[in-house]
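*Asks:* I'd like to go over a predicted model; first the sequence, then the structure.
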Amino acid sequence: MVIDVLIIGQGICGTFLSWYLQKENKSYLVIDNNNSNASSRIAAGIINPVTGRRLVTVWMADEVIPNAWKAYNELGSELDITAIFQRNIIDFFPNPFMREGFLDKINTGDQYVHAYPEQNHFNQLMNYEFGCGEIRPVYTVNLEALLPAWRKHLVEKKLLLEENFELPALKVLPDHIEYNGITAQKIIFCDGVSSFENPYFRQLPFAPNKGEALVAEIPGLPDHNIYKKSLMMVPMLEKDMFWVGASYIWDFEDPGPTTEFREKTIQVLKEWLKIPFTVREHRSGLRPATLERRPFVGFHPSHPVIGILNGMGTKGYSLAPYFASQLVNHLCFGEKITPEADVNRFRKILMR
Ligand SMILES: Cc1cc2nc3c(=O)[nH]c(=O)nc-3n(C[C@H](O)[C@H](O)[C@H](O)COP(=O)(O)OP(=O)(O)OC[C@H]3O[C@@H](n4cnc5c(N)ncnc54)[C@H](O)[C@@H]3O)c2cc1C
């Protein structure tokens, strides 16, 4: 089989990369081992314009967020699904200081941080003695529908190999690669934390970050919003189901679920909610994060047949559509990759 691009991984990066290649009439094949704990499968899929306690606007928000809305809607209409919802965050202040900080931010005229006039609206459902505000626009990706729908499309078109990619079988030549009978002009790794072990890229400053979340059934909690206090409750596809999380851990022993997170989260929910809930699932995995919190996008300086789209950290659902498109435009038309994301900023390290 002779193709333009071999893609490793069908998380959110591999999904968008394959779609944009398809739009440019490039031939490709995706190899994915369907790891159920892959970051894209356990995430909430939130696209949030602000981050942290200080509600700082996220990197490239003004470009990346409108682009995400457009890209998910386009891919959704191709697949005949709703791929993205607008669900603003109702931010319940855990203490008077957070309330102050939020109000100060509103007073600066911030475009994403707003007052929530109906302060008593959630009184029947939850405890929040210090009031609430609203962050908008915020989106959630319907990842439970999107990832399987794109996978189905790939399977139907015979563009997916559901297996493990084995690096020792990869032969890298100056102008193409060979892998188990496949010849491709390029190979692009979208394999999340697996790239951390990849001899071509493991020198990059990756920094895996562990995240855990629960899935809880909360009958009676409306699904129009994301609710945030110390955790977020995010509506899922199935009625009454909410993703509740997440932890954010740099220093961990293994990627598996912990009793500590489960118990702490249940305690938070008991104190927050006035209505009953039942925990249905406990998820845990690693975010493909990087030390400087910027992605790795582009081709290897010594082996230009090998590419990477990775390092999306906590923001894969907003960054992946943007940088997948950039990478395809770079490949097809020689367009520039944003310097802070271009993997060639590590040229010296990668050429060692
Ligand atoms: C708890 C949690 C919550 C999160 N919430 C959000 C959120 O709300 N919003 C947001 O934007 N981001 C969130 N993230 C981060 C987000 O999930 C990631 O940034 C993003 O999913 C990374 O996508 P990816 O495609 O690079 O990698 P991955 O999702 O890891 O995908 C890699 C793919 O490659 C496959 N693969 C790996 N190795 C091989 C191999 N050797 N052979 C074959 N296939 C292979 C895997 O099966 C997988 O399908 C969250 C992460 C966690 C852990």
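*Replies:* Thanks, I have the structure now.
*Asks:* and stretch 112-119, how far apart are its ends?
*Replies:* Distance between the boundary residues of stretch 112-119 (CA to CA, to the nearest Å) amounts to 18 Å.
*Asks:* give me the mean pLDDT for that stretch.
*Replies:* Stretch 112-119 comes out with an average pLDDT of 96.
*Asks:* stretch 157-170 too?
*Replies:* 98.
*Asks:* gap between the residue positioned nearest the centre of the chain and Phe122?
*Replies:* Closest to where the C-alpha atoms of the chain average out (CA atoms, centre = their mean) is Gly316, at 2.8 Å. Separation of Gly316 from Phe122 (CB to CB, to the nearest Å): 30 Å. In short, each C-beta sits where N, CA and C put it, glycine included.
*Asks:* just to revisit the earlier point, just give the nearest non-adjacent residue to the residue nearest to the centre of the chain, would you?
*Replies:* Leaving aside its chain neighbours, Gly316 sits nearest to Ile12 (5.1 Å; criterion: CB to CB, 6 or more residues apart in numbering).
*Asks:* what is the burial count for the one you found?
*Replies:* Other residues near Ile12 come to 30 when the count uses other CB atoms under 10 Å.
*Asks:* what does the one 5 residues further on give?
*Replies:* The local packing of Leu17 (other CB under 10 Å) involves 28 other residues.
*Asks:* what's the answer for Asn164, then?
*Replies:* 12.
*Asks:* equivalent analysis for the one 4 residues further on, please.
*Replies:* Residues contacting Pro168 under the criterion other CB under 10 Å number 5.
*Asks:* what segments of the stretch 51-200 of the chain are strands?
*Replies:* Here the stretch 51-200 of the chain has its strands, by DSSP state E, counting those that start in this stretch, at 56-57, 84-86, 89-92, 113-115, 132-135, 139-141, 160-161, 170-172, 177-179, 182-189.
*Asks:* what strands flank the fourth one, and is each parallel or antiparallel?
*Replies:* So that's strand 113-115. strand 132-135 (antiparallel) (DSSP bridges).
*Asks:* with the first one instead?
*Replies:* When sheet partners are counted by DSSP bridges, strand 56-57 sits next to strand 50-51 (antiparallel).
*Asks:* does the strand it pairs with come close to the ligand?
*Replies:* No - on the criterion CB under 6 Å from any ligand atom, strand 50-51 is out of touch with the ligand, staying 10.9 Å away.
*Asks:* dump stretch 231-249 to PDB, restricted to CA.
*Replies:* Taking Å, rounded to 0.1, in the frame of the first residue of the first chain, the C-alpha atoms of stretch 231-249 are listed here in PDB:
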ATOM      1  CA  LEU A 231     -14.600  20.800  40.700                       C
ATOM      2  CA  MET A 232     -16.600  20.900  37.500                       C
ATOM      3  CA  MET A 233     -19.800  19.000  36.800                       C
ATOM      4  CA  VAL A 234     -20.100  18.700  33.000                       C
ATOM      5  CA  PRO A 235     -23.300  17.300  31.300                       C
ATOM      6  CA  MET A 236     -22.700  14.100  29.300                       C
ATOM      7  CA  LEU A 237     -24.600  12.700  26.300                       C
ATOM      8  CA  GLU A 238     -26.700  10.300  28.400                       C
ATOM      9  CA  LYS A 239     -29.600  12.000  30.300                       C
ATOM     10  CA  ASP A 240     -28.700  12.800  34.000                       C
ATOM     11  CA  MET A 241     -25.100  11.800  33.600                       C
ATOM     12  CA  PHE A 242     -22.300  14.300  34.600                       C
ATOM     13  CA  TRP A 243     -18.600  14.100  34.300                       C
ATOM     14  CA  VAL A 244     -17.100  15.300  37.600                       C
ATOM     15  CA  GLY A 245     -13.500  16.300  37.800                       C
ATOM     16  CA  ALA A 246     -10.700  16.600  37.500                       C
ATOM     17  CA  SER A 247      -7.500  16.300  39.400                       C
ATOM     18  CA  TYR A 248      -4.300  17.800  38.000                       C
ATOM     19  CA  ILE A 249      -1.200  15.900  39.300                       C
END
